[in-house]
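A.B. asks: Here's my sequence, what's the structure:
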Amino acid sequence: MPVIHEFDPPERFVVGTVGEPGQRTFFLQARSGTRMVSVALEKQQVAVLAERVDELLDQVLEDGPSGTIVPALAPHDLDDQAPLEQPIEEEFRAGTMTLSWDPSESRVVIEVFPITGEVVAGPEDDEEYEEPEPDEVLLVRITPGAARAFALRAGRVVEAGRPSCPFCGGPVDPEGHLCVRANGFRRREA
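C.D. replies: Model prediction:
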């Protein structure tokens, strides 16, 4: 039986970073009262999650009247710009994430599962396959407005890193980078 860190709804659910651009560690952080869970994840996972949350809400909005109010933009009163809460104690590192819409409660449901070191092989011909159960799960259920605010903040956090090279799209460190599209000339941050 896995440990389920459930927040329905959390008082705060945000993404943030620790460290300098180029060396940042990304965290999802959920809190209700004094209970707080921090899960480490990759920058790309943050970017994809934010994009998918917005796409899911756009789809719910497009599907028409369901009695649910889905804001087209993040409500200003839910815009959370505060840093991550301390102390940050990594519960686990995110592997697989699922995203769904619960129409009965008009909530966005996010499940985050840890990376496992197990190599999973598919079933052999007639063999029945049983997927291994994770040790822990972060389960968060948030309102559409909170989901839009989460996606907005996540996008800002991803963009707050190193600027991209206009030629190759790679990150530019303050001391520059060797741009493959500029025949190896060192580009400097503008």
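A.B. asks: so residue 94 sits right up against residue 110, yeah?
C.D. replies: No: counting by Cβ atoms under 8 Å, residue 94 does not reach residue 110; the two are 10.6 Å apart. Heads up, the C-betas are built off the backbone N, CA and C, glycines and all.
A.B. asks: So the two - more neighbours on which side?
C.D. replies: residue 110 (24 against 21; other Cβ atoms under 10 Å).
A.B. asks: per-residue confidence at that one?
C.D. replies: Confidence at residue 110, expressed as pLDDT, is 98.
A.B. asks: who does the strand or helix carrying it touch, helix- and strand-wise?
C.D. replies: Using DSSP states H and E, the secondary-structure element containing residue 110 is strand 107-114. Secondary-structure packing of strand 107-114 (3 or more Cβ pairs under 8 Å, 6 or more residues apart in numbering; DSSP states H and E): helix 43-62, strand 90-102, strand 136-142, helix 144-159.
A.B. asks: between the ones you listed, which gets nearest to residue 36?
C.D. replies: Among the helices and strands packed on strand 107-114, strand 90-102 comes nearest to residue 36, with 9.4 Å by Cβ to Cβ.
A.B. asks: before we move on, back to that, just put the helices and strands packed on strand 107-114 in TSV and tack on mean pLDDT and distance to residue 11.
C.D. replies: TSV is the format used below for these (pLDDT from 0 to 100; distance: least, Cβ to Cβ, whole Å):
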stretch	mean pLDDT	distance to residue 11
helix 43-62	94	19
strand 90-102	95	17
strand 136-142	97	11
helix 144-159	95	10
